[in-house]
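Q: sequence first, then the predicted structure, then my questions.
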Amino acid sequence: MNISLNYFGASGGFYALWHILLGTNYRCIWQGREPDIQQKEYARVAGENWPQKLADANAGNVDPEWLNFVEDLQYPDKKIYKTHWNIKDKQEWKHTEVWPNNEVTTSTELTEKIFFYCMPTIENWQQHKKDYRIFLYTDLDLQLMLANNKRAWKGLKGNITPEKIQQTKDNSTWLNGTQVFGDIAQFTQADLYVKLQDIVKTQGGAILEPLGYTVTEENISHNAFWLDKHNEEEQRLLTI
């Protein structure tokens, strides 16, 4: 079973994605870390006695001083996590983002794939109708606050005007008793609609348990690390 994770901006998409990557066997291919690029980088440093294929490299056939570099090519998630969340300034939240490459993920031999869609289209949605479709959401007031503070989604070009906020609220809809961004109404029959606050309060459990997994120490650390990057008001709203 593959997964598609869908959301609209500033509702915790990458936060939720990393809970799944840290707590399950699901994997994706990252932009800039596609297999052909990784293989070329490996070939650039490989010694004459090393295996030709990156997949065959291990501690027994790679020069020890290069082993960490090779393992990073084989298993890039740990380094990408550090890069992605190396946020120094709240208003530059998006500048360190590393995105999955859904197209390449489709063509790989990964057995449990996760596809990641910010601002999904109906075409994206229908494409994964045989997969386990997750839709992540949060209440519209918090989503607009996070967008404004992180310069994301409707706040990408600067502070969201009161007129834009009102327009967004006028076009809202309701999901599980929560006022949400109106376009979510198009995406029916998800296997899981999960609220951002529920993931935060369960340290990942709300998105992991429906997939048959339990919270790990890595999920707990990720949850605390991500939450700490928010101010007191955001933290209060994220944990109610």
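A: Yes, it's here.

Q: so what are the domain limits for this structure?
A: Listed domain ranges for the chain are 3-30+101-238, 35-74 (source: automatic domain parsing).

Q: just the helices from this structure, written as ranges.
A: Along the chain, counting by DSSP state H, helices occupy 13-23, 35-45, 67-74, 77-84, 102-107, 122-127, 140-150, 162-170, 196-201, 205-208, 217-227, 232-238.

Q: was I right to think I3 contacts I20?
A: Yes: counting by CB atoms under 8 Å, I3 touches I20, with 7.1 Å between them. Placement of C-beta: from N, CA and C, glycine included.

Q: mutual contacts of these two, please.
A: Common neighbours of I3 and I20 are listed as Y26, I114, L211 (criterion: CB atoms under 8 Å, 6 or more residues apart in numbering).

Q: what's near enough to touch the first one?
A: Taking CB under 8 Å, 6+ apart as the definition of contact, the neighbours of Y26 are I3, I20, E112, K113, I114, L211.

Q: go on, the last one?
A: Contact partners of L211, counting by CB under 8 Å, 6+ apart, are I3, I20, T24, Y26, Y132.

Q: a markdown table please, covering these and showing distance to N101 and pLDDT.
A: Putting the contacts of L211 into a markdown table (distance: CB to CB, whole Å; pLDDT from 0 to 100) gives the following:
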| residue | distance to N101 | pLDDT |
| --- | --- | --- |
| I3 | 16 | 98 |
| I20 | 17 | 98 |
| T24 | 19 | 98 |
| Y26 | 15 | 98 |
| Y132 | 20 | 98 |
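
Q: now, which of the residues you listed sits nearest H84?
A: Checking these against H84 by CB to CB gives I20 as the nearest, at 14.2 Å.

Q: now the closest one: closest residue in space, sequence neighbours ignored.
A: Excluding the flanking residues, the one nearest I20 by CB to CB, 6 or more residues apart in numbering is Y26, at 5.5 Å.

Q: and that neighbour, backbone torsions?
A: Main-chain dihedrals, Y26, degrees, to the nearest 10: phi -70, psi 140.
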